[in-house]
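>>> Pasting a predicted model and its sequence here:
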Amino acid sequence: MDFVKILQNWIQNKTPLSSELEFLLQKELSNVDQCRAFNITPENGLNKIINRAQIFQETYQKVYQV
């Protein structure tokens, strides 16, 4: 699984898959300093990833001008 494929799916307004969210969460948790800075824990990380996915899908078309 890779980031580009995940973002391409999200650009097409596909609902994030649980496997994608888990992949992103594990990547996120592997950066201890970033987790500490943004208060990301194994308990709240999935919700933060889901929120980011929603924000990305809501704003992508507004930011990216084809």
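Now that the structure is in, tell me what you want to look at.

>>> For Ser30, give me phi and psi.
phi -70, psi -20 (degrees, to the nearest 10).

>>> got a list of what it touches?
By C-beta atoms under 8 Å, 6 or more residues apart in numbering, the contact list for Ser30 is empty. To be clear about C-beta, it is placed using only N, CA and C from the backbone, and glycine gets the same treatment.

>>> how close does it sit to Leu24?
Separation of Ser30 from Leu24 (C-beta to C-beta, to the nearest Å): 11 Å.

>>> Ok, Gln8 next?
Taken as C-beta to C-beta, the span from Gln8 to Leu24 is 14 Å.

>>> cool, Gly45 as well?
In terms of C-beta to C-beta, Gly45 sits 9 Å off from Leu24.

>>> Need the contact partners of the longest helix anywhere in the chain.
In the chain, with assignment by DSSP state H, the single longest helix is helix 45-63. Helix 45-63 is contacted by residues 7, 10-11, 13, 16, 21-22, 24-25, 28-29, 35, 38, 40 when judged by C-beta under 8 Å, 6+ apart.

>>> Spatially nearest residue to Ser19, not counting backbone neighbours?
Met1 (7.0 Å; C-beta to C-beta, 6 or more residues apart in numbering).
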